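Engineer: Starting from these lines, generate the structure:
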Amino acid sequence: MSVAAAFSRSLPGNPAAVRELDLVRLAVPVRSDAGQDVPAGAVGTVVGIWAGGSGFEVEFSEPFEALATVRPREIADHQPFHG
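Structural biologist: Reported below is the predicted structural model:
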């Protein structure tokens, strides 16, 4: 199964469904905390949740290592952490 096929489509309208350690895929490019542009489609791990889901701190390892604050509308979908 591909990474894209494993993702949940439940995010729009329900940012509370995203939890720490979930994987998220970007719908749009976002600017990293260091000023790099993380491209749409990049997959990262949620490492922090701000204000009950109004934003998420996401760690990316591809295409380069980066941290970015991501708004719910910037997330295409997510895969819950099972661990």
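
Engineer: most centrally placed residue in the chain?
Structural biologist: residue 24 (3.2 Å; Cα atoms, centre = their mean).

Engineer: Would you mark the buried spots in the helix or strand containing that one?
Structural biologist: Mapping residue 24 onto the secondary structure by DSSP states H and E places it in strand 23-26. Using 16 or more other Cβ atoms under 10 Å as the test for burial, strand 23-26 gives 23-26. In this view, the C-beta of every residue, glycine as well, is placed from N, C-alpha and C.

Engineer: among these, which two are most distant?
Structural biologist: Spatial extent of the buried residues of strand 23-26 (Cβ to Cβ) is set by the pair 23 and 26 at 11.2 Å.

Engineer: where do the contact lists of those two overlap?
Structural biologist: 43-44 (Cβ atoms under 8 Å, 6 or more residues apart in numbering).

Engineer: what's the residue nearest to the centre of the chain in contact with, if anything?
Structural biologist: So residue 24 contacts 11, 18, 43-46, 56, 58, 70, 75-79 (Cβ under 8 Å, 6+ apart).
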